[in-house]
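*Asks:* mind looking at a prediction? Sequence and model below.
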Amino acid sequence: MQEYENLSECLCEDCPRRTRTLISTDIALNKENNAFFNTLPHFETEEAISCGIPISENEPVNYRGDIMLGEKFPFRNPETNVEEIRSYWCCNSLRKRFKNTFKERPPILIININVGGTKMKDLPVILNVGPDTYKIFACTCGSDYHFTATIKVADQYYKYNDLHPKGIYIYDGADSVETAIYYLLL
């Protein structure tokens, strides 16, 4: 449902994977300067990054771009059937990473919260993603074969906890969360 493309293009004409399209559904919300953005930066801006595409185990000759020796490439040895780590020469030229784009406009977003100890009340209420605006609806937290869910309706938080005698009760939004659910405002 929230599948998106991340398209990038290496500026080196010799790069073996000049254009690359990655498909993903994982979206994360991160903090910067102790605050959450109300946007998802990779859906808003383009950026220049290092390419990193493997070229060869041997140092390339006449490669018309920057190169570096990368030392963390897994390789399954066909003789021993054991995975080894090998060094590869990689393209180190600039790669233009375009804005992420959804394949279809998702009605909800399920977002990983990559900052431990985050409270629902600390998350942005409104999240702008490209041309669309989303509003927080719920959060979940799972641990030790148990989970809780917090829902925000107007300015009131409600918490579902299967270990609590009431099941659902009014809450202050101060519990730690791992996943946030935002819905599309039309």
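*Replies:* That came through fine.

*Asks:* roughly how far apart are residue 36 and residue 173?
*Replies:* If you measure residue 36 against residue 173 using CB to CB, to the nearest Å, the figure is 14 Å. In short, each C-beta sits where N, CA and C put it, glycine included.

*Asks:* low-confidence ranges in this structure?
*Replies:* Filtered on pLDDT under 70, the chain yields the residue ranges 143-144.

*Asks:* let's see 50
*Replies:* The model of the chain has no residue with pLDDT under 50.

*Asks:* can I see the domain layout of the protein?
*Replies:* 23-44+102-184, 54-92 (automatic domain parsing).

*Asks:* and the longest one, end to end?
*Replies:* End-to-end distance for domain 23-44+102-184, by CA to CA, to the nearest Å: 21 Å.

*Asks:* which helices and strands does the helix or strand containing residue 141 pack with?
*Replies:* Assessed by DSSP states H and E, residue 141 sits inside strand 132-143. Packing partners of strand 132-143 (3 or more CB pairs under 8 Å, 6 or more residues apart in numbering; DSSP states H and E): strand 108-113, strand 126-129, strand 146-153, strand 179-184.

*Asks:* who are the packing partners of the second one?
*Replies:* I take that to be strand 126-129. Here strand 126-129 touches strand 108-113, strand 132-143, going by 3+ CB pairs under 8 Å, 6+ apart.

*Asks:* give me the contacts around that strand.
*Replies:* For strand 126-129, contacts defined as CB atoms under 8 Å, 6 or more residues apart in numbering pick out 29, 38-40, 43-44, 109, 111, 133-136, 182.

*Asks:* Serialize the residues you listed to a markdown table and add fields for distance to residue 7 and neighbour count.
*Replies:* Compiled in a markdown table, those are given as follows (distance: CB to CB, whole Å; neighbours: other CB atoms under 10 Å):
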| residue | distance to residue 7 | neighbour count |
| --- | --- | --- |
| 29 | 22 | 22 |
| 38 | 24 | 15 |
| 39 | 19 | 16 |
| 40 | 16 | 21 |
| 43 | 13 | 18 |
| 44 | 15 | 13 |
| 109 | 20 | 22 |
| 111 | 21 | 22 |
| 133 | 24 | 14 |
| 134 | 23 | 24 |
| 135 | 28 | 13 |
| 136 | 29 | 21 |
| 182 | 24 | 25 |
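
*Asks:* just those residues now: which is nearest residue 164?
*Replies:* For these, the closest approach to residue 164 (CB to CB) belongs to residue 136, at 22.2 Å.
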